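**Student:** here's my sequence, what's the structure:
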Amino acid sequence: MMHSTQALAVRELSHRFNDGIDVRLLWDSVTDRVSIVVHDQRRQQFLRFEVDSDRALDAFHHPYAYAGGDLRHAAPPSLATATSAIRDHDVVSDAGTDHEPRHAP
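**Tutor:** Below is the predicted model of the structure:
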């Protein structure tokens, strides 16, 4: 499958899953914005918010402290759908299999 450069703009820098909560750290290389996407499967809630790059890892580990109460019901069924809330492009994962967070550029 061929991807355009623009389609590869959103990159997953880190991902973690624990107790039904899926958290992803995403970076948009075109806009240089960092976002956190959270899907709480137990409550069927979804949240997405941008965060300053210097606070990205802290927000990744403590997303509810940074979310500002912006929970939405009826979570997207997939990362692709969640990511489209940020941009209508594919996400390329840079996260290693060790699930260790990587610093946003």
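
**Student:** what's around residue 28, how many residues?
**Tutor:** Number of residues near residue 28 (other CB atoms under 10 Å) recorded here: 18. Any C-beta I mention is one placed from the backbone N, CA and C, and that applies to glycine too.

**Student:** ok, now residue 58?
**Tutor:** Residue 58 has 14 nearby residues by other CB under 10 Å.

**Student:** for the one 10 residues further on, same thing?
**Tutor:** Residues contacting residue 68 under the criterion other CB under 10 Å number 9.

**Student:** that one and residue 50 touch, don't they?
**Tutor:** No - using CB atoms under 8 Å, residue 68 makes no contact with residue 50, being 11.0 Å away.

**Student:** give the intersection of the neighbour lists for these two.
**Tutor:** Overlap of the contact sets of residue 68 and residue 50 (by CB atoms under 8 Å, 6 or more residues apart in numbering) is empty.

**Student:** which ones are touching the nearest residue to residue 42 once chain neighbours are set aside?
**Tutor:** Distances taken as CB to CB, 6 or more residues apart in numbering put residue 20 closest to residue 42, at 4.2 Å, once the chain neighbours are dropped. Counting by CB under 8 Å, 6+ apart, residue 20 makes contact with 40-42.
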